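**Q** Prediction below, plus the sequence it came from.
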Amino acid sequence: LAVWNDRLIAGGEFTHAGGVAANRIAQWDGTSWQPLGSGITVSLEGFPTPGVACLAAFETSLFAGGYFQKAGGGWANCIARWDGTSWSALGGTDLPVLGLAVHDGALILAGGFDWAGGVTAHRVARWGP
């Protein structure tokens with residue numbers, strides 16, 4: 001769970017929230033659940049169900065990490081950014097992102113990965129200035 005733009009965001013392995021189709025991520029506006037674009041799809045090999053494992057609000061965007069290859073239909077490889085309108089990739093990781101935190105003006109990623117954004121990372125990486 002995370003709070004972003006005064007909305008509660010939920011991520012997980014679900015495909016519906018409150019009866020509304022929402023692929024692994026949804027927002028609660030105080031009245032009803034709504035999807036964030038077309039959501040998160042495509043499982044990683046060895047992981048049977050794609051899903052969102054962690055969320056973080058950073059700067060003006062929402063970040064999702066987990067067991068997935070696509071966000072909003074585009075390749076994202078375990079980490080994606082939602083800007084309120086669409087999903088975008090950050091360069092990806094080779095294995096799931098399992099934790100996100102904001103520290104010292106940067107987004108910190110943690111998980112089972114050995115690289116992030118094409119750079120050797122050994123399970124922890126920093127994104128941002």
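**A** Happy to help now that I have it.
**Q** list the contacts for Pro35?
**A** By CB atoms under 8 Å, 6 or more residues apart in numbering, the contact set of Pro35 is Ala17, Val20, Ala21, Ala22, Asn23, Ile25, Ala26, Gln27. Just so you know, the C-beta spots here come from the backbone N, C-alpha and C atoms, and that holds for glycine as well.
**Q** where does the residue of the chain positioned farthest from its centre land in three-state SS?
**A** Of all residues in the chain, Thr31 has its C-alpha farthest from the mean position, at 23.3 Å, by CA atoms, centre = their mean. With DSSP: H, G, I helix; E, B strand; the rest coil as the basis, the three-state label of Thr31 is coil.
**Q** per-residue pLDDT, it?
**A** pLDDT for Thr31: 95.
**Q** beta partners for the residue most central in space within the chain?
**A** Centre of the chain computed as the mean C-alpha position; nearest residue by CA atoms, centre = their mean is Ala64, 1.4 Å away. Note on Ala64: beta-bridge partners Leu55, Ala80, judged by DSSP bridges.
**Q** Does it touch Ser88 like I think?
**A** No. Under the criterion of CB atoms under 8 Å, Ala64 is not in contact with Ser88, lying 11.3 Å apart.
**Q** what is in contact with those two at once?
**A** Common neighbours of Ala64 and Ser88 (CB under 8 Å, 6+ apart) are Ala71, Ala80.
**Q** Would you mind stating the distance between the nearest residue to Leu44 once chain neighbours are set aside and Leu90?
**A** What sits nearest to Leu44 in space, not counting adjacent residues and going by CB to CB, 6 or more residues apart in numbering, is Tyr67, at 5.4 Å. The spacing between Tyr67 and Leu90, counted by CB to CB, to the nearest Å, is 16 Å.
**Q** so how far does stretch 84-97 reach from one end to the other?
**A** Counting by CA to CA, to the nearest Å, you get 21 Å between the two ends of stretch 84-97.
**Q** now it, how far from the chain's geometric center?
**A** 6 Å (CA atoms, centre = their mean, to the nearest Å).
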